[in-house]
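>>> no sequence on this one, just coordinates:
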C-alpha cells in the first residue's frame, strides 16, 4: 500500500462574492514510502492547494487523503512542512531553538533534543551556527534551518512547497544537491512542489505534471530513472527527460497565460 | 550608541537650551519668559527644599500605577480579541467607541466619582493606557504570520502550545510598542488631571505657580516633565532592546 493516497480529491473555494472557485478536481495520486515525488505545475495550477491538503492545513471538499491507510485529520507531526519563505521561522529563537521546537512541543527531554538538533544542524551544513537568530542568517541558511527543523522532528514524510524559489541560482543549485544527499541518507518520503523543470529532474524519483488551473488534476507522471551522475543539466539523458516533461507542460503554460485549451490544441495540430 | 553618537546627542540638547537662552535674553526679554539659567537656579532651589521631588514623585507614582494596571488589563484582552473573532465582535464596540473619548474628557467625571485623590488619577491613566495596549496587542496577534502557526501545528504543537510558544512571543514587540505609546499618553493625561483637581503633582505645581505669577517655577515643572518623559521612554526602549530585541520579527 502506498504511504500517501489521494483519491479523487477536489477543493472548492468560495469567494466573498459567493461564487465557487474549483482549484483542484478529482485529483488522484499514490506516493510510495521512500519516494521523492515532485509535483510540477504552472503558477495557479493548484499544486500548493494539494500540498496544503496533504499537510492538513485545508480540508478536502470531496474525496479522501490517506496516510498509511488512515484518513488525515489536520496537521500532525508525521508530515513536516518546509515553506517557501522564511516567515515560518521563529525569530525570537536561535537556530537551535527553531530546530528543537517540535521535540520541545512533544516533551522530549532537553539533552536528547539538543543532541538531535545539533545532529540535524550539522547535517544541513549549519554546524557552529546554533546560537544565531534567523535575522542574522542568509536566505539559504534560513531554508536550511527549516529543513533541519522538520528533519529533527523525524516525520514520516516531508512536504516542501517551492522551498528554494526565493534563493539565488547558485544557492538554489547548492541546496538542491544537499537536499538530494540528505534525502538519500535519511530515506524520507518527499512531496516537493515546484514550477521548475530542472529542479524536478534533479530531485525526483517521479514527476507529476499538473494541468493548468482551475479544476486541475494530474496530466501525467514521468519516472526519472537517472543516476546521480546523469542528473546534470547538460547530460544527454537529463535533456531527454527534460524534453519529455517540457512536452507535457508547455501547453499548460500557454493555457495558464490566458489562451484557451482548444486554441492551443489547434495551433499544435497546425505545427505538425 | 557609540561615544560620538552620545556626544552629538548631548550637543542637540545643548542647542535646545542655547536657542532658549538666545530667545529669552535678546529676542523676547520679558519677566514672563525666564532664561534657562534662572530656571536652573529655581530648579536647584526647589530640589533642595524637597518640593520638586515631592511633586514629581506624586505624578510619577500615579503614572506608574495606572500604567501597570492598564497594561495588565489591556494585554490579555488584546490577546483574546486578536485570537478569537467572537471576542473581537463582542468587545469591539467598547474599544472602538471608548478609545475616541479621551481620558482628558473624563477628568471631571472621574473627580465626581472618585474625588480629587489618587483613585481618580489612577483611573484616568489606566483608562488611557488600556485601549492603546488592547489595540496594539490585538493588531500584533493578527499580524502573526499564518505559516508560523501552521509550522508549529505540523511540528506537533497543540492549540495551547501554539498560543504560548508562537502567538505570544510573536506578539511581544507589538505589546511593547503599545505600552510605549500609552506611556506618552499617560504624561498628557496626568498633567491635565492635576491641573484640574489634585493636592500635589507637577500639574498642580504648574497651576499653583500661575496664581503667584511664578513663571520660572512653571518652567521648572515643564523642563522636569520633558526630562521625565524622555528618560521613561529611553528606559522603555532600552528594556525593549535588552529583553525583547530578539523578539523583533524575522525578515
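Arrived safely. From a predicted model like this one, the values you see are computed outputs, not experimental measurements.

>>> distance of the spatially most central residue of chain B from chain A?
Taking Cα atoms, centre = their mean, the centroid of chain B lies closest to residue B:183, which sits 1.2 Å from it. Residue B:183 sits 23 Å away from chain A when distances are taken as Cβ to the nearest Cβ, to the nearest Å. To be clear about C-beta, it is placed using only N, CA and C from the backbone, and glycine gets the same treatment.

>>> mind checking which helix or strand that residue is in?
helix B:168-196 (DSSP states H and E).

>>> Check which helices and strands that helix is in contact with.
helix B:51-83, helix B:107-114, helix B:118-142, helix B:202-211, helix B:215-244 (3 or more Cβ pairs under 8 Å, 6 or more residues apart in numbering or on different chains; DSSP states H and E).

>>> circling back: wouldn't the residue nearest to the centre of chain B be in contact with residue B:236 here?
Yes: using Cβ atoms under 8 Å, residue B:183 is in contact with residue B:236, at 6.2 Å.

>>> what pLDDT does residue A:189 get?
Note for residue A:189: predicted pLDDT of 93.

>>> With residue A:269 instead?
67.

>>> Could you give the number of residues near residue B:102?
Burial of residue B:102, expressed as a neighbour count using other Cβ atoms under 10 Å in any protein chain shown, amounts to 15.

>>> any idea how far residue B:172 lies from residue B:152?
Residue B:172 sits at a distance of 16 Å from residue B:152 (criterion: Cβ to Cβ, to the nearest Å).

>>> quick revisit: the helix holding residue B:183 to helix B:202-211, inter-axis angle?
20 degrees (axes from the mean of the first three to the mean of the last three Cα atoms, to 10 degrees).

>>> Pipe the helices and strands packed on helix B:168-196 into TSV and attach mean neighbour count and distance to residue A:38 per row.
Formatted as TSV, the helices and strands packed on helix B:168-196 follow (neighbours: other Cβ atoms under 10 Å in any protein chain shown; distance: least, Cβ to Cβ, whole Å):
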stretch	mean neighbour count	distance to residue A:38
helix B:51-83	20	37
helix B:107-114	15	66
helix B:118-142	24	35
helix B:202-211	19	69
helix B:215-244	16	41
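
>>> Return the set of buried residues in stretch A:13-24.
A:23-24 (16 or more other Cβ atoms under 10 Å in any protein chain shown).

>>> what comes into contact with it?
A:9-12, A:46, A:49-50, A:53, A:213-217 (Cβ atoms under 8 Å, 6 or more residues apart in numbering or on different chains).

>>> Which of these fall within helices?
A:49-50, A:53 (DSSP state H).

>>> Who wins on neighbours among the residues you listed?
residue A:50 leads the ones in helices among the contacts of stretch A:13-24 on contacts (other Cβ under 10 Å) with 31 neighbours.

>>> Wait, that residue touches residue A:28, no?
No: if you go by Cβ under 8 Å, residue A:50 and residue A:28 don't touch, sitting 10.9 Å apart.

>>> neighbours of the closest residue in space to residue A:229 that isn't next to it in sequence, just the number please.
Of all residues not flanking residue A:229 in the chain, residue A:235 sits nearest, at 7.5 Å (Cβ to Cβ, 6 or more residues apart in numbering or on different chains). Look at residue A:235: counted by other Cβ under 10 Å, it has 16 neighbours.

>>> so what's the backbone phi/psi at residue A:235?
Backbone torsions for residue A:235, taken as degrees, to the nearest 10, come to phi -70, psi 140.

>>> what's the pLDDT at it?
86.

>>> Please look at it and residue A:241 and confirm they touch.
No: under the criterion of Cβ under 8 Å, residue A:235 is not in contact with residue A:241, lying 9.5 Å apart.

>>> What is the burial count for the closest residue to residue B:136 other than its chain neighbours?
In this structure, residue B:136 finds its nearest non-sequential neighbour in residue B:178, 2.7 Å apart by Cβ to Cβ, 6+ apart. Using other Cβ under 10 Å, residue B:178 has 26 neighbouring residues.

>>> Tell me who's in contact with residue B:178.
Applying Cβ under 8 Å, 6+ apart, one finds that residue B:178 lies in contact with B:74, B:78, B:132-137, B:140.

>>> I'd like to know how far the closest residue to residue B:74 other than its chain neighbours sits from residue A:97.
Distances taken as Cβ to Cβ, 6+ apart put residue B:133 closest to residue B:74, at 3.1 Å, once the chain neighbours are dropped. Computed with Cβ to Cβ, the distance linking residue B:133 and residue A:97 is 27 Å.

>>> Pop the domain breakdown of chain B in here.
B:1-33, B:34-247 (automatic domain parsing).

>>> Tell me which residues of the shortest one come out buried.
By neighbour count on 16+ other Cβ under 10 Å, the buried set for domain B:1-33 is B:20, B:24, B:33.

>>> out of the residues you listed, which one sits closest to chain A?
Within the buried residues of domain B:1-33, distances to chain A taken as Cβ to the nearest Cβ reach their minimum at residue B:20, with 41.6 Å.

>>> Buried ones in stretch A:55-69, by neighbour count?
Within stretch A:55-69, the residues that count as buried by 16+ other Cβ under 10 Å are A:55-58, A:60-61, A:63, A:65-67.

>>> now, which of the residues you listed lie close to chain B?
Contacts with chain B are made by A:55-57 out of the buried residues of stretch A:55-69, judged by Cβ under 8 Å from any Cβ of the partner chain.

>>> and which of those residues is nearest residue A:75?
residue A:56 (4.1 Å; Cβ to Cβ).

>>> thinking the closest one is in contact with residue A:74, fair?
Yes: with contacts counted by Cβ under 8 Å, residue A:56 reaches residue A:74, the gap being 4.4 Å.

>>> what's the overlap in contacts for these two?
Residues touching both residue A:56 and residue A:74 (Cβ under 8 Å, 6+ apart): residue B:153.

>>> quick one: buried residues of the helix or strand where residue B:96 lies?
Element membership of residue B:96 [criterion: DSSP H and E] is helix B:85-98. With burial defined by 16+ other Cβ under 10 Å, the residues of helix B:85-98 counted as buried are B:88, B:91, B:95.

>>> again with stretch B:180-193
Neighbour-count burial for stretch B:180-193, counted by 16+ other Cβ under 10 Å, picks out B:180, B:182-183, B:185-187, B:189-193.

>>> picking that back up, what about residue B:172 and residue B:152, which has more around it?
Neighbour count, other Cβ under 10 Å: between residue B:172 and residue B:152, residue B:152 has more, with 24 against 18.

>>> Let me see the contact set for that one.
Contact analysis of residue B:152 by Cβ under 8 Å, 6+ apart lists A:101, A:105, B:161-162, B:165-166.

>>> Kindly reformat these as CSV containing neighbour count, distance to residue B:5 and secondary structure.
Listed next are the contacts of residue B:152 as CSV, based on neighbours: other Cβ atoms under 10 Å in any protein chain shown; distance: Cβ to Cβ, whole Å; DSSP: H, G, I helix; E, B strand; the rest coil:
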residue, neighbour count, distance to residue B:5, secondary structure
A:101, 26, 37, helix
A:105, 20, 42, helix
B:161, 18, 42, helix
B:162, 21, 41, helix
B:165, 18, 37, helix
B:166, 23, 36, helix
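
>>> how about those in TSV, adding pLDDT and distance to residue A:148?
Converted to TSV, these look like this (pLDDT from 0 to 100; distance: Cβ to Cβ, whole Å):
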residue	pLDDT	distance to residue A:148
A:101	95	11
A:105	94	16
B:161	93	20
B:162	92	21
B:165	93	18
B:166	92	18
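
>>> List the contacts of residue 143.
No chain was given, so I picked chain A. Contacts of residue A:143 (Cβ under 8 Å, 6+ apart): A:82, A:86, A:163-164, A:167, A:175.

>>> wrong one, chain B
Counted by Cβ under 8 Å, 6+ apart, residue B:143 has contacts B:170-171, B:174.
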